[in-house]
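Need a 3D model of the following:
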Amino acid sequence: MLKLLGVPAWQADGAESTLPATLPACLLIHLACVGHWVERGQLAALFWPDAEREQARHHLRINLHRLRQLLAGFGQAEALVAERQRVRLLLPHDLALLHMACAEADGAELLARPAAAWLQGFRFAAFDEFWRWADERGALLQRQWDDAARRALQRAGSAPWQAPLRLLLDPGEAPPPDAGDALCGRTDWLTQVRCETTPALVLLGEAGVGKTSVLKAAFPGAPLLQGREGLAQMPYRPVVELLLPQLDLLRALLRQPERGLAAYRLDLARLLPELAVDEVLPPLDALTARARLLEGLARVLEALGPLLLVDDLQWVDAASLELLALLGHRGRLRWRGAARGEELSPEQRRWLARQQDGQRLRSLPLPGLALDAVQQLLGRAGQNTADAPALLAASHGNAFVLGELLRARADGVAVSPRVHELLMRRWQALTPAARSLIGAAAVLARPLPLAVLGSVAGVVDDELLPAARQALEAALLREEADGALQCRHDLVREAVLALLPAFEAQSLRQRAALALGARTEGAAEPLAVAALWQAAGEAQTALAWLHRGAAQQKLRGRYDEALALWQRVATESREPALALQARLSLAECALLHDLPAGRQALQQVLELAGAVADPAQREQIEGQALAGLVDNAVFSGDLGAAAALAQQLRPLLPRLPLAERCSACEVLIELAMREPDIPAAWALLGQLRHLAPARPSLLSYEGQIHWFGGQVRAARDAFELLLERHPDYCRGLTIENDLGVMLQALGDLARAEAMARRSLVSWQGVAHTETLSLLMLGLTLTSAGRYGEARGVLDRALELGRSQGSALFEGEALVRRARLYWQSGCIDLAEADLDAAEPLLASSHDPLRVSHLAWLRGLLRDFRGLPPDPALAERVRALLARSRHPLVQIRLARLDGLAGDAGAAARQVAIARDAGLLEPLTEGLLLQTAALPVAEARPLLLEAAELAQRQGFAELLNRADATLRSHALLINGH
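Numbers count the residues shown, from 1 in each chain. Alright, predicted model coming up:
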């Protein structure tokens, strides 16, 4: 039979031959799935769509011959029938079993677990059309499977959950026995657990009582989240352990558009870097990263099947508990867990209570085995059932202890009520190598390859396999499906740890920390390595790994945990470099929420950097602190301080590590754009592109430099391209906000508003970016004449700017609100806001901000009937030496016009038309008409009115309509 679910292979006579990843194998898969005659031309077009017809058919003939050779190796050469114009392949395959299982109404419950991955691991380059067909076929199969699983789930409330059969049974193989027969005395519990309808169920009981056995027997094959002792501080560790072996299946799910998972690929890559190898992840804020990762993981687990098992809930981390709560709330997946009730922490108890209060979880205490179950077990083992009362008394109904007592009886050992004694006897009977191997497994507390366990245990290669066999035969270790080894049960692990001498346990933990830290997964498990070093008594070494773990926590959105870890490292580390790195990380966390606090913390780090002896470490810390201070000063509006700090930063650039150098270049670009020194900004961008050519932020900075340089259309195009190429980065780069700024400047108010609102959703809870988006939205709504909405938005921007201690944000919000007041006729309020903004922007040399303020001052004086103030125009004119931005030139032209310059309006129109700035263009056209006769003014008025109406410039449309009406009266009067 051809196996297509899982790794593609041919199965016959109990043997399995994996299909080679070749073109003939692709032909075999396609023809076997189709199962009927296929035209040669159609088949050739699937694999060689761009080739000439005869050339494609020639390639097909060659590869059909190779396919026949492949089939001959399986003894199936005659299955391929080839005629002049068509071919057919008839082979039995496992998809037929899948279709039968999906179609049988009585067997729908058997589908309550995910199907094996379609064409697992079978992929190579080229032949895109074939792979597109394969992906679509896999998506169809998955939909059929999901539909059947949903039907099973709907019936689960009224019918017991049937133990699912393996999807693929070998010919003649009998189905597995009913699980109720295997678990003595648990038939009623199996029925109860299967029929439970609440989203979540937790069985409570002591270690070894049989909680996990009941769940696995009730739902064989269901995905399992496994809590592990000592790893409860690692966010999502059980989820990683579940998903890591299923990356091929996960990648296939991500490619299925109907599941909506593709948008979460980079979020999931924060947990599983293998999903985005060599890709830079967007630098999300912690709140967004946490929410996105939770949502993505929930969708993935729901895609794996309608039911999930959770073992050892008492050792499950807080992040995974949050995920379980979300799953229960969504209601698309049911999860069933097991926990040692007496070992639940107070926080976990409160978590369980909250879930129960919400009617989303039910907890049931699982009692020990009863006397009849012990008698039944003895009968099956061929032992005297009269001993059942004594065994029940010795084991207290604990299934694991009872099993150990029966094992001891079978070995001729006197019955002991203490399971630790039984385990100790068996452990001591092993060779030293086997004991060391079990000790290493007990210390590591997770499944790991034999080579790793052997390295930690110090077992030489010649003794490794015999020692592993001995430990497995003694039932002290167990082998997982992927070949990894771990202690057979937590009680075994606890007993072994209790038997190990203190010096030996410490040595094992040290070697385990070294081994785990050296593995590629060590970088993904810094907190596990830290825990091993801490347990080994190496607290200072543990702090270095805690520092890495804090960065991982922040990346995954566990912001509070990251801050707590960095605070601990900063307080407890005796190594100045490590302590300062932790303080630097804490300061960076405060940067976008509290600018003064962040600045103070960075300055303290910079002052203490001299305490670091190593020159390279000292310069790295100084470079990071200076870059942070430059960034802080730029967004505080203090460009003078930023420039002075940048002078200290630049000499350090060549000696900084790559990541820090790239970050420093980005900060210097931010400063150069605002000084503005556009050539310097382009030069820095060139350096950044050379250092990190694949960095997504390159396109963002390209757009920003175009904006500050006055090329608004080019800036818009850059951000449009960035959004198209990297939509996942909208929560790491301010793409939507920046694109909205360009669209507003170009007069596309509807899209600008949409981008502002998208940005507010993407960056919800991040005060810095929320303020930017609110400022842009407020200006957009003002241009649209929606003054009430604009007032509320700008009030919120002002509030956020003040809360961050940012003079720049506060001043900008006041100026934009003043523009709103002027446009809506509230002149006193407008002047009050400008008076408040003046001192905040007094030291600013930003041409766009200063010209905006001066322009509004001139308009307010004109509204009051006051004479023009020449100082305002001169203030803006002085800015032209630093910036030729069209908005600066347009504002200067307007001020010149107020001073009586007859050609100012025409200059404004020319500049705005050339730059594509439709709002000032419309205003300039209206201004031009004031000095023209009615007949000459009319075409300009009509153009202005058409622009204002099309783009939604409400105030300008009113002015155009009023002017047109007045002209009509003049014409009629004449």
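
What ranges does the protein have for its strands?
Taking DSSP state E as the criterion, the chain contains strands spanning 2-3, 9-12, 15-18, 38-39, 80-82, 86-89, 200-204, 224-226, 307-311, 334-339, 361-365, 477-479, 485-487.

Turn these into a markdown table, including mean neighbour count, mean pLDDT and distance to L626.
All C-beta spots, glycine's among them, are computed from the backbone N, C-alpha and C. Listed next are those as a markdown table, based on neighbours: other Cβ atoms under 10 Å; pLDDT from 0 to 100; distance: least, Cβ to Cβ, whole Å:
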| stretch | mean neighbour count | mean pLDDT | distance to L626 |
| --- | --- | --- | --- |
| strand 2-3 | 21 | 87 | 60 |
| strand 9-12 | 18 | 86 | 59 |
| strand 15-18 | 12 | 82 | 56 |
| strand 38-39 | 14 | 88 | 67 |
| strand 80-82 | 16 | 88 | 70 |
| strand 86-89 | 19 | 90 | 68 |
| strand 200-204 | 22 | 94 | 50 |
| strand 224-226 | 20 | 93 | 44 |
| strand 307-311 | 22 | 94 | 47 |
| strand 334-339 | 24 | 94 | 49 |
| strand 361-365 | 16 | 92 | 51 |
| strand 477-479 | 18 | 87 | 53 |
| strand 485-487 | 23 | 89 | 48 |
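
for stretch 229-243, what is the average pLDDT?
Confidence over stretch 229-243 (mean pLDDT, whole number) is 86.

how long is that stretch end to end?
Stretch 229-243 stretches 19 Å from its first residue to its last (Cα to Cα, to the nearest Å).

Let me know whether G640 touches S843 as I believe.
Yes. Judged on Cβ atoms under 8 Å, G640 makes contact with S843 at a distance of 6.7 Å.

For L64, give me its contacts.
27, 80, 82, 87 (Cβ atoms under 8 Å, 6 or more residues apart in numbering).

Relative to L2, how far out is the second one?
It refers to L80. Distance, L80 to L2, by Cβ to Cβ, to the nearest Å: 13 Å.

Kindly report the same for the first one.
Counting by Cβ to Cβ, the separation of L27 from L2 is 13 Å.

Would you tell me which of the strands of the chain gets closest to A467?
Shortest distance between A467 and the strands of the chain, using Cβ to Cβ, is found for strand 477-479: 9.7 Å.

Quick check: neighbours of that closest one in the sheet, parallel or antiparallel?
strand 485-487 (antiparallel) (DSSP bridges).

Turn the strands of the chain into JSON lines, including distance to A318.
As requested, the strands of the chain are exported to JSON lines (distance: least, Cβ to Cβ, whole Å):
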{"stretch": "strand 2-3", "distance to A318": "41"}
{"stretch": "strand 9-12", "distance to A318": "42"}
{"stretch": "strand 15-18", "distance to A318": "42"}
{"stretch": "strand 38-39", "distance to A318": "55"}
{"stretch": "strand 80-82", "distance to A318": "57"}
{"stretch": "strand 86-89", "distance to A318": "53"}
{"stretch": "strand 200-204", "distance to A318": "16"}
{"stretch": "strand 224-226", "distance to A318": "14"}
{"stretch": "strand 307-311", "distance to A318": "14"}
{"stretch": "strand 334-339", "distance to A318": "15"}
{"stretch": "strand 361-365", "distance to A318": "16"}
{"stretch": "strand 477-479", "distance to A318": "28"}
{"stretch": "strand 485-487", "distance to A318": "24"}
